[in-house]
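>>> got a sequence here, can you build the structure:
(chains A and B)
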There are 2 protein chains.
Amino acid sequence: MQIAVVLYDRFTALDAVGPYEILQRLPDARVVFVAEQAGPVRTDAGALALVADQALAEVTVPDVVVVPGGPGQSALMDHAPLLDWLRAADATSTWTTSVCTGSLLLGAAGLLQGRRATSHWLALDQLPALGAEPTGERVVVDGKYVTGAGVSAGIDMALTLAGRIAGDDVARSVQLGTEYDPRPPYDAGSPDKAPAHLVDALRARSRFLLT
Amino acid sequence: MQIAVVLYDRFTALDAVGPYEILQRLPDARVVFVAEQAGPVRTDAGALALVADQALAEVTVPDVVVVPGGPGQSALMDHAPLLDWLRAADATSTWTTSVCTGSLLLGAAGLLQGRRATSHWLALDQLPALGAEPTGERVVVDGKYVTGAGVSAGIDMALTLAGRIAGDDVARSVQLGTEYDPRPPYDAGSPDKAPAHLVDALRARSRFLLT
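As a prediction, the model looks like this:
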């Protein structure tokens, strides 16, 4: 089972690494990080680069596709080398997935037409123009398309997917191995729960955050 | 505020990237990934490399030190270049932190003498020999030493630290920005909660997993 995690300039690190950490623990999983060109790819803040070991052109029939989000997403919404690859990979994939604004790239490739999907809460309103029906859920499974909400939701997305791929016991074992028993010290992880002034402030900055 | 995340061969990716994703969002944070030599550093499964932009010798007085865990940790318990660096960095750090078996490296450097600390649940029993008192907590703050439990606990560790560094509102804003409102599809993230046969199986494999 080949799992391709797609990197691009200014992706968000945890969007990619959360699913990677879960999915690479599945039996027979072979994860490969891919980008338009092989080599280091810088994350949004610039302080970290992940290495894409292969170019998109070298990975043509992955079983699972994972598309992270990040500020760099907005520059790729009509970028043929990526969108053509997503369409071609999706034609033979078993699962096509995203985290955060990665769903906007799936949508731009035309893969979410008529599908329920999610994204970062600040980007949900961009889904309808791409043919998708936004939901407020953290993880959405619609057919073979699995989308996760913002950044950290990639872990929940991947654990959900792990269960579908390998069964509940394997997924639980991965949860135990990664000690994923979250206890956030605050309860402000969604716009429903966070203080309104923080939601408003982040919304005001979202043009910066998401583009 | 310089935050140094220490990489080494066969570290666990999420141990490093979870805290990075939270801490890089703090005001005035400058994160640098460091390793004995600058350049790509392979994670435990081999499928991913993160780039260390600077060598340990180039980063001498970080304000915050973050040490991830991973299978590679066990090979470094008497590795002077790393342990000497940890001791020197700790001498001037504001916060010295770890995720998962990273606490064993802090312990090996002599930094946890008489401190309460945590680690991956499979490694807690190694802490007393290093002078630390293990706890079953997910995040332990003892003075300037902040340790997190296994793998995914680095996110909770970093969010706790974010509150101490920048205040509750900034930490909540980071939680909201990363949409950290976890909803695991299973409840098997700790040995107390997971089915006993999975705990036993992972314990049996732990020699492999942690070494």
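
>>> burial count for the nearest residue to residue A:125 once chain neighbours are set aside?
Leaving out its chain neighbours, the residue that sits closest to residue A:125 by C-beta to C-beta, 6 or more residues apart in numbering or on different chains is residue A:134, at 7.1 Å. Bear in mind the C-beta positions are built from the backbone N, C-alpha and C, glycine included. Neighbourhood size, residue A:134 [other C-beta atoms under 10 Å in any protein chain shown]: 20.

>>> next one: residue A:134 from chain B, what distance?
Using C-beta to the nearest C-beta, to the nearest Å, one gets 14 Å for the distance from residue A:134 to chain B.

>>> where does pLDDT dip in chain A?
A:207-211 (pLDDT under 70).

>>> which of the three states applies to residue A:42?
strand (DSSP: H, G, I helix; E, B strand; the rest coil).

>>> so it touches residue A:48, yeah?
Yes. Using C-beta atoms under 8 Å, residue A:42 makes contact with residue A:48 at a distance of 7.4 Å.

>>> higher neighbour count, these two?
Taking neighbours as other C-beta under 10 Å, residue A:42 and residue A:48 compare with residue A:48 leading, 25 against 18.

>>> that older thread, dump the residue contacts of the residue nearest to residue A:125.
If a contact means C-beta atoms under 8 Å, 6 or more residues apart in numbering or on different chains, then residue A:134 has A:116-119, A:124-125, A:127-128 as its contacts.

>>> most surrounded residue in those residues?
Highest count within those by other C-beta under 10 Å belongs to residue A:119, 33 neighbours.

>>> distance check, it against residue B:27.
26 Å (C-beta to C-beta, to the nearest Å).

>>> could I get stretch A:108-118 in PDB with only the CA atoms?
Extracted C-alpha coordinates of stretch A:108-118, given in PDB (Å, rounded to 0.1, in the frame of the first residue of the first chain):
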ATOM      1  CA  ALA A 108      -9.900  22.700  -7.600                       C
ATOM      2  CA  ALA A 109      -9.000  19.500  -9.300                       C
ATOM      3  CA  GLY A 110     -12.700  18.800  -9.600                       C
ATOM      4  CA  LEU A 111     -12.600  15.800  -7.200                       C
ATOM      5  CA  LEU A 112     -15.200  17.000  -4.700                       C
ATOM      6  CA  GLN A 113     -18.100  17.600  -7.100                       C
ATOM      7  CA  GLY A 114     -21.300  16.900  -5.200                       C
ATOM      8  CA  ARG A 115     -19.300  15.500  -2.200                       C
ATOM      9  CA  ARG A 116     -19.600  16.500   1.500                       C
ATOM     10  CA  ALA A 117     -16.300  17.800   2.700                       C
ATOM     11  CA  THR A 118     -14.600  19.800   5.300                       C
END
